[in-house]
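> After the sequence you'll find the predicted model.
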2 protein chains.
Amino acid sequence: MAENFTSRAKDYSQWYNEIVEKAELAEHSEVRGCMVIKPYGFAIWEKIRDTLDKMFKDTGHSNAYFPLFIPKSYLNKEAAHVEGFAKECAVITHYRLKKSPDGNGLIVDPEAKLDEELIVRPTSETIIWNTYRKWIQSYRDLPLLINQWANVVRWEMRTRLFLRTSEFLWQEGHTAHATKEEAVEETEKMLGVYSDFAEKFMAMPVLRGTKTENERFAGAIDTYCIEALMQDGKALQAGTSHFLGQNFAKAFDVQFVTKENKSEFVWATSWGVSTRLIGALIMSHSDDKGLVLPPKLAPVQTVIIPIYKNEEQLEKISEKVQQIKKLLEKKGISVKYDDRTTHKPGWKFNEYEFKGVPVRIAIGPRDLENNTLEIARRDLLTKEITSQENIDTKIENLLTDIQSSLFNKAIKFRQENTHQTDSFVEFKELIENKGGFIYAHWDGTKETEEKIKEETKATIRCIPLNIVQENGHCIYSGKPSKQRVVFAKAY
Amino acid sequence: MAENFTSRAKDYSQWYNEIVEKAELAEHSEVRGCMVIKPYGFAIWEKIRDTLDKMFKDTGHSNAYFPLFIPKSYLNKEAAHVEGFAKECAVITHYRLKKSPDGNGLIVDPEAKLDEELIVRPTSETIIWNTYRKWIQSYRDLPLLINQWANVVRWEMRTRLFLRTSEFLWQEGHTAHATKEEAVEETEKMLGVYSDFAEKFMAMPVLRGTKTENERFAGAIDTYCIEALMQDGKALQAGTSHFLGQNFAKAFDVQFVTKENKSEFVWATSWGVSTRLIGALIMSHSDDKGLVLPPKLAPVQTVIIPIYKNEEQLEKISEKVQQIKKLLEKKGISVKYDDRTTHKPGWKFNEYEFKGVPVRIAIGPRDLENNTLEIARRDLLTKEITSQENIDTKIENLLTDIQSSLFNKAIKFRQENTHQTDSFVEFKELIENKGGFIYAHWDGTKETEEKIKEETKATIRCIPLNIVQENGHCIYSGKPSKQRVVFAKAY
């Protein structure tokens, strides 16, 4: 499997595509821009979803479900929002097909034309705020803390599996608050949830910051984001949390009566992460042998492979493996025993190595005699023979070690690929030759940001939170600046 | 809350609508035919989904995700399938909006017309079997056991929350097998999963059977179903499992190489349940005081309400409640402590009664003194004072008792509303005045089935599995028949 596998150095983009394909994570469908998420890829998404869902619920949020379709006119109600989404949406104009008069195939029935076209949700602020108008009357109805797991569609001409597809899966939180302060606090809290998830579960370090006006969500006052660095030196926006001010409340006339009996517009946030995270996960840890998964998100954490020459040996091994499997499962470790007789051990080794299973245990007749096992860890590609004593604790510790080791490796990579410069010449050189995150001064204007993008393809990934204030001069315009921002080329 | 609540006897349909609305389960959106599932309703769906998902995984299935959109031409490939779905689908014709030339609003950009229209999936057999063609080459790739949780759209003119909406949530299993026997076995196995779920979790007894040709899924050789009886004497189809034969394999050319190195078409099944189950759940158990939920699917199984006159009392009660809550949660019981000071106990009693929380605990200052509690059960509307001793075991047993008591009550109701007749006069009378399930002989023809439907509105709900063979005469035509089938009016 790894034989015809392209290395990162040779062609990073091809390397990524091959991992997605050969590890059976996803594939392009014949429907333009839409992907099929295959069982193994979907199992990773289930881990991501279930973990985040628990974090959302632990912070007081409930799930709900809103319609897939949005009347065209809703989009138009928030001026910035329509700019952002009208150009890339799937439009439903009819509700019926009929037999073609020539008897060949189906045609759209012209008599089933909708009075108002519907669009497939690209995001749900409009339909949700139109609903919140009925749900929110008084301060007693606030805060309203709701999340939705859903599919959304944004028409894309150039797609890449997980990273950019026309249809993708995501969650979108939509909250309503009585005060600006509470809404800002919620926006920041959810950014915190995302960065905790990225670092503790995905083992992927992230920068936390806010977006510049250019990169802000269409309709937001402020967009907070987490930004991760991929192995090719490009940044990937892994999650966003928006402070929407009263924009949507005003667009959809959502007012509430305060304790003081005054009528006020509601304050809003929205926040989301998507199946894009799977792309980020792949590119954070994988290597030239295939996918590498952090144990906390691996659908199979430990695979056990029997080494045998005959039925009798296999039977004895299987007996022992069932005992070990039970011990591990008691510790909450997900274990797969691959006793298929249709494939050789070597083939299986390759398969699970390529699929990024964190720990592989091999067990043969000699191991039965000596009470030993061979344990291999995917991240370092090392293996050792060990006693079967306390195997459950050993594997448990090993998984913990792999999880933190992957995070530390990623932190180190980011450190090595983070630069600081005060010269635009050096900036261009860094972007061109090294990539990575570049901390530089910027004069705060849209114009400069756009010129830098034009000349270097680098964008401002974020204005980092909690960064030291420091007087300096914009690398491009030379105008005064009070803090550095983070530039990078991005996915 | 229950004050202005319509009784079942007065207007069953209104009673249902009010439960859905006042228990905050769902509401109509402004998008025609699409519902908003509110947090409490969605929490019930999460329970249904998580329970079924585990049952699917325990029977060897994996989840995956396929595109929302289906090219128009795919629908046309399976003759019966297109008949069933072309007349009620949302059609996407364009992928962009633009500003109207007059500056007011948005119009569909005529330059962004799709070469081939896409429809929003009404069900995914076509797109999935088009994908399986690439996934299945050899007998080694079989069986392929995949499920998908998704939203689907079937354009509906007359909608009812949960029971019939244009968009709904569901799961659809799509499996591929090497032999007819295996596929039939899978179809029956999944019907078994559904009926186990309905009876053990929903506490809703179901008949298992097969559909007549008239009522079969568009594209199936055989449709198995579970049918439940609602309190108004109408039947509700709660789940279906289809044996698709080789129809879709032939339509999408999915062949595999057998062990004997021959090329053969693959055998298929598909099976699904939807948010409709929530409608069935409501109508199975609820009463004139509102929603009644079986403990196994109740988002909150036990609510605790403090009775107090002042802050000091509330504090002492809360301390005790925290201990009790911990004990119950240790047993896996979901507990809500409603210590809101904005609402009176009586208001809270009504609220949770209406929302169907199975057990209510009330605790006041005298209970603290006497080491007692008041426990009320929602299904019987009884309450008793009991000692706090072993409260965890008591509540656990009570929940088990409520679960089985609801099932037994529903079984009894079904027995009382199941009739058998050999006379069409009596049949008409039964359907007209009593409703319920009617076992009667039928001659096996489409014509008779349709005539009975025309004259009585009753349809054949199913040909029950494992029914005794018994010679008789069709109640309508008098022609010979070998077994009874089940008639009812249906949702």
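On my side now, so go ahead. Numbers count the residues shown, from 1 in each chain, chains lettered A, B, ... in the order given.
> Tell me the secondary structure at the closest residue to chain B within the stretch 251-400 of chain A.
Closest residue of the stretch 251-400 of chain A to chain B, CB to the nearest CB: A:T342 (6.3 Å). Heads up, the C-betas are built off the backbone N, CA and C, glycines and all. Under DSSP: H, G, I helix; E, B strand; the rest coil, the three-state class of A:T342 is coil.
> For it, give its distance to A:K320.
A:T342 sits at a distance of 22 Å from A:K320 (criterion: CB to CB, to the nearest Å).
> A:V335 now?
13 Å.
> neighbour-wise, which of those two wins?
A:V335 (20 against 17; other CB atoms under 10 Å in any protein chain shown).
> just how off-centre is the helix or strand harbouring A:A440 within its chain?
In the assignment (DSSP states H and E), A:A440 maps to strand A:437-441. Averaging C-alpha positions (CA atoms, centre = their mean, to the nearest Å) puts strand A:437-441 24 Å from its chain's average.
> Give the rounded mean pLDDT of it.
The average pLDDT within strand A:437-441 is 98.
> Please identify the buried residues of the helix or strand just after it?
Counting by DSSP H and E, the next helix or strand C-terminal to strand A:437-441 is helix A:446-456. For helix A:446-456, a neighbour-count test (16 or more other CB atoms under 10 Å in any protein chain shown) marks A:448-449, A:452, A:456 as buried.
> ok, so of these, who is nearest B:A235?
If you rank those by distance to B:A235 using CB to CB, A:E449 comes first, at 63.9 Å.
> I'd guessed that closest one sits against A:T212; true?
Yes - contact criterion CB atoms under 8 Å: A:E449 and A:T212 qualify, at 6.0 Å.
> so what's in contact with the two at the same time?
Common neighbours of A:E449 and A:T212 (criterion: CB atoms under 8 Å, 6 or more residues apart in numbering or on different chains): A:I460.
> How about the helix or strand where A:K316 lies, which residues are buried there?
Per DSSP H and E: A:K316 is located in helix A:311-330. Across helix A:311-330, burial judged by 16+ other CB under 10 Å covers A:314, A:317-318, A:320-321, A:324-325, A:327-328.
> Report how many residues lie close to the closest residue to A:C225 other than its chain neighbours.
Nearest residue to A:C225, sequence neighbours excluded (CB to CB, 6 or more residues apart in numbering or on different chains): A:T240, at 4.8 Å. Residues near A:T240, counting by other CB under 10 Å, number 23.
> what's the average pLDDT for the host helix or strand of A:T240?
If you go by DSSP H and E, A:T240 is part of strand A:235-245. Here strand A:235-245 scores 98 as its mean pLDDT.
> For it, which helices and strands make contact with it?
Under the contact definition 3 or more CB pairs under 8 Å, 6 or more residues apart in numbering or on different chains; DSSP states H and E, strand A:235-245 sits against helix A:180-200, strand A:222-229, strand A:267-274, helix A:276-285.
> in chain A, what secondary structure element scores lowest on mean pLDDT?
When each helix and strand of chain A is scored by mean pLDDT, DSSP states H and E, helix A:79-85 comes last, with a mean of 84.
> Using CSV, list the CA coordinates for that one.
The C-alpha trace of helix A:79-85 is given here as CSV (Å, rounded to 0.1, in the frame of the first residue of the first chain):
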residue,chain,number,x,y,z
ALA,A,79,-26.2,43.4,4.0
ALA,A,80,-22.7,41.9,4.6
HIS,A,81,-24.1,38.4,4.9
VAL,A,82,-25.7,38.4,1.4
GLU,A,83,-22.4,39.7,-0.1
GLY,A,84,-20.6,36.7,1.5
PHE,A,85,-23.0,34.0,0.5
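> A:E426: how many residues sit nearby?
Using other CB under 10 Å as the criterion, A:E426 is surrounded by 15 other residues.
> List of residues touching the helix or strand containing it?
Assessed by DSSP H and E, A:E426 sits inside helix A:424-429. With contacts defined as CB under 8 Å, 6+ apart, helix A:424-429 is touched by A:421, A:438, A:440, A:455-456, A:458, A:475-476, A:487.
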